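1. attaching a predicted model along with its sequence, questions to come.
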Amino acid sequence: MAQVSIRLNGYVYSVGCQDGEEHHLYAMARQVESWLQRARTLGGAASESKTLMMAALLMADEIFELKRRPLPDDMLATVEEAKAALRIAEARQERLAQLAQRAEELAGVLETSE
């Protein structure tokens, strides 16, 4: 497990993450810091708790809007293609399991007939 130090709102925090995820954690910290900066800009000389609250609301608003945004048509088509491919793969896997079972049955018959 890796330990990284990130700076948010003027404070340094030591945060644990999985090995190899350090860059992702730093990128998230930069994003949070940008929301904090936006909150400070909107709120003027606000208290730290108000700045954090405003940043949280900005983040929640962005997440809310992203969830409400419909997927582009080409992405919907890709999702449907992926679902169809999964159904085909599942059917093939089931058929392969049936054939394996049949092969085991035939092998058992051959073993007992010798």
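-> Looks like it arrived, so ask away. Numbering: from 1, shown residues only.

2. just how off-centre is the host helix or strand of Leu96 within its chain?
-> Using DSSP states H and E, Leu96 falls within helix 73-113. Averaging C-alpha positions (CA atoms, centre = their mean, to the nearest Å) puts helix 73-113 28 Å from its chain's average.

3. residues contacting the spatially most central residue of the chain?
-> By CA atoms, centre = their mean, the mean C-alpha position of the chain lies nearest to His24, the distance being 12.0 Å. Taking CB atoms under 8 Å, 6 or more residues apart in numbering, we find His24 in contact with Cys17. Every C-beta, even on glycine, is put in place using the N, C-alpha and C of the backbone.

4. distance of it relative to Thr78?
-> Computed as CB to CB, to the nearest Å, the His24 to Thr78 distance reads 24 Å.

5. now do Gly43
-> Counting by CB to CB - Gly43 and Thr78 are separated by 41 Å.

6. same question for Leu71.
-> On the measure of CB to CB, Leu71 and Thr78 end up 9 Å apart.

7. one more: Glu90?
-> Taking CB to CB, one finds Glu90 at 19 Å from Thr78.

8. list of residues touching stretch 15-23?
-> Met1, Ala2, Gln3, Val4, Ser5, Ile6, His24, Leu25.

9. looking at the residues you listed, which is nearest Gln98?
-> Minimum distance to Gln98 across those is 42.8 Å, recorded for His24 (CB to CB).

10. doesn't that closest one lie inside a helix?
-> Yes: per DSSP: H, G, I helix; E, B strand; the rest coil, His24 lies within a helix segment.

11. relative to Ser5, how far out is it?
-> 15 Å.

12. pretty sure Ala46 contacts Ala55?
-> No: counting by CB atoms under 8 Å, Ala46 does not reach Ala55; the two are 10.6 Å apart.

13. domains for this protein, by residue range?
-> Split into domains by automatic domain parsing, the chain comes to 1-69, 71-114.

14. I'd say Lys50 and Arg40 touch.
-> No: assessed by CB under 8 Å, Lys50 is found out of contact with Arg40, at 9.7 Å.
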